[in-house]
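Colleague: okay, structure incoming, though there's no sequence with it:
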């Protein structure tokens, strides 16, 4: 069974802090990795994808990938209350996306 | 670009009836569409993969006779929940993968359909 694991949270951070979200996956052959944000009652929206080891930055977001450790993370700098949502990690396995259960992030003023 | 719509956004039906949900890619052609189901406080679970012009591939444990999928064109896929029961109440989300995109299997999600079966 190919799995994607995330801490369900909630992760609470103050406004302006760095939020760090983590994800591990079991399929060592996975090639691409995605972070989605999902607000309550809404469908997921893509934040970033990453496929190479190392860091990938896009604005306040940085995705980090370590294939040897089967670990991918998302850093959110200068967290805002509007960032409060559930963050889903997804891993491409053959033709499908396998989703983690998500981490709920709460950014308090 | 890359907009996916779903209709209806919300539906309430009686037990035993059938419900059809439409998923459309509005500004691109989608060779593949995916149907997911999400129960409260759980993650998205893939139900089936739908390729235009061919039969859908269902995930283990998903009844193909209960969840009928049709992908008749490059911009439209439908999911019909037949003889719906209260346990089918869930958030159904489709996604579409564009015909000519190279962004590593990126999928574009529709806004979802909230199904409530009484």
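Modeller: Perfect, I can see it now. From a predicted model like this one, the values you see are computed outputs, not experimental measurements. Residues are numbered from 1 along each chain as shown, chains lettered A, B, ... in the order given.
Colleague: got the contact list for stretch A:55-69?
Modeller: A:24, A:28, A:33, A:35, A:47-54, A:71-78 (C-beta atoms under 8 Å, 6 or more residues apart in numbering or on different chains). C-betas here are computed from N, CA, C, even on glycine.
Colleague: repeat that for stretch B:28-36.
Modeller: So stretch B:28-36 is in contact with A:95-97, B:1-2, B:4, B:23, B:25, B:44-52, B:67, B:69, B:71, B:74-75, B:77, B:79, B:92-99, B:101, B:107, going by C-beta under 8 Å, 6+ apart.
Colleague: before we move on, back to that, which of the contacts of stretch A:55-69 are buried, as a PyMOL select command?
Modeller: To isolate the buried subset of the contacts of stretch A:55-69 in PyMOL, counting by 16 or more other C-beta atoms under 10 Å in any protein chain shown, use the following:
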select buried, chain A and resi 24+33+35+47+48+49+50+51+72+73+74+75+76
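Colleague: what's the following helix or strand after the biggest strand by length in chain A?
Modeller: Assignment by DSSP state E gives strand A:85-93 as the longest strand of chain A. Sequence order places strand A:96-99 as the next helix or strand after strand A:85-93, per DSSP states H and E.
Colleague: the strands in chain A, which residues?
Modeller: Using DSSP E, strands in chain A cover A:4-5, A:11-14, A:19-25, A:33-38, A:45-50, A:54-58, A:61-66, A:71-76, A:85-93, A:96-99, A:103-108.
Colleague: out of these, nearest to residue B:40?
Modeller: Checking the strands of chain A against residue B:40 by C-beta to C-beta gives strand A:85-93 as the closest, at 11.7 Å.
Colleague: what count of nearby residues applies to residue B:110?
Modeller: 27 (other C-beta atoms under 10 Å in any protein chain shown).
Colleague: swap that for residue B:5, sorry
Modeller: Other residues lying near residue B:5 total 13 when counted by other C-beta under 10 Å.
Colleague: does it lie in a helix or a strand, and which?
Modeller: strand B:4-7.
Colleague: and that strand, which residues are buried?
Modeller: For strand B:4-7, by 16+ other C-beta under 10 Å, it's B:4, B:6.
Colleague: try stretch B:31-39
Modeller: For stretch B:31-39, a neighbour-count test (16+ other C-beta under 10 Å) marks B:32-38 as buried.
Colleague: same thing with stretch B:72-89?
Modeller: Buried residues in stretch B:72-89, counted by 16+ other C-beta under 10 Å: B:74-79, B:81, B:84, B:88-89.
Colleague: and the nearest residue to residue B:82 once chain neighbours are set aside, how many residues sit next to it?
Modeller: Excluding its sequence neighbours, the residue lying closest to residue B:82 (C-beta to C-beta, 6 or more residues apart in numbering or on different chains) is residue B:18, at 4.8 Å. Look at residue B:18: counted by other C-beta under 10 Å, it has 12 neighbours.
Colleague: what's near enough to touch residue B:18?
Modeller: Contacts for residue B:18 (C-beta under 8 Å, 6+ apart) come out as B:80-84.
Colleague: how about the residues of chain B that lie near chain A?
Modeller: Residues of chain B lying near chain A by C-beta under 8 Å from any C-beta of the partner chain: B:32, B:34, B:42-46, B:49, B:91, B:93, B:103-112, B:114.
Colleague: tell me the buried residues within the residues you listed.
Modeller: Here, 16+ other C-beta under 10 Å leaves B:32, B:34, B:43-46, B:49, B:91, B:93, B:105-110, B:112 buried among the residues of chain B next to chain A.
Colleague: and the furthest pair within these?
Modeller: B:91 and B:105 (22.6 Å).
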